[in-house]
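In: sequence-free structure coming up:
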Ligand SMILES: [Cu+2]
């Protein structure tokens, strides 16, 4: 395998890199990924949150961002005041009114640094404490 002709080795290296780049593509490289939320993904909480926060693994664009909190009947219940934290641009949040016990779906959409749009959803439950 070891050859002492520099050009030949360089060519083989390029071919190898070419093959590897197709064999092991790197999808989702530089795509924003949800890394944390409040309420946490699939969590059950005893009281209504005041806002829903999501954090991504990278800063997301100020454009195209969306966040919605939807109740089990499919109705949007947040205050439609999506905000991106000024000092941590990986953090976006939206306020909610007092949420009655129910299971809620949070839907999000952000633009990654590579300009691709990422969407996702998760649920949390506000427990009936009575
Ligand atoms: Cu991309």
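Out: Here it is on my side, so go on. Bear in mind that the values here come from a model prediction, so they are computed numbers and not experimental data. Numbers count the residues shown, from 1 in each chain.
In: Show me where the protein has its helices.
Out: With DSSP state H as the criterion, the chain has helices at 6-23.
In: Tell me which residue of it lies closest to the ion.
Out: Nearest residue of the chain to the ion: residue 116, at 3.2 Å (Cβ to the ion). (Glycine included, C-beta is placed from N, CA and C.)
In: Next up, phi/psi of that residue, please.
Out: phi -80, psi 140 (degrees, to the nearest 10).
In: Next up, the contacts around it.
Out: Applying Cβ atoms under 8 Å, 6 or more residues apart in numbering to residue 116 gives the contacts residue 31.
In: can you do 10 Å?
Out: Each residue near residue 116 by Cβ atoms under 10 Å, 6 or more residues apart in numbering is listed here: 28, 30, 31, 32, 110.
In: Widest-spaced pair of those?
Out: Farthest pair in these (Cβ to Cβ) is 28 and 110. Separation: 13.6 Å.
In: List the beta-bridge partners for the residue nearest to the spatial centre of the chain.
Out: Closest to where the C-alpha atoms of the chain average out (Cα atoms, centre = their mean) is residue 34, at 3.0 Å. The partner list for residue 34 in beta bridges (DSSP bridges) reads residue 56.
In: Would you mind measuring from the nearest residue to residue 119 once chain neighbours are set aside to residue 11?
Out: Leaving aside its sequence neighbours, residue 119 sits nearest to residue 109 (Cβ to Cβ, 6 or more residues apart in numbering; 4.6 Å). Using Cβ to Cβ, to the nearest Å, one gets 45 Å for the distance from residue 109 to residue 11.
In: quick one, which of the two is more surrounded?
Out: The neighbour comparison of residue 109 against residue 11 (other Cβ atoms under 10 Å) goes to residue 109, with 15 against 11.
In: quick one, what contacts that one?
Out: Residue 109 makes contact with 60, 64, 65, 66, 67, 68, 117, 118, 119, 120, 121, according to Cβ under 10 Å, 6+ apart.
In: Going through the residues you listed, which ones are buried?
Out: For the contacts of residue 109, a burial check counting by 16 or more other Cβ atoms under 10 Å picks out 60, 65, 67, 68, 118.
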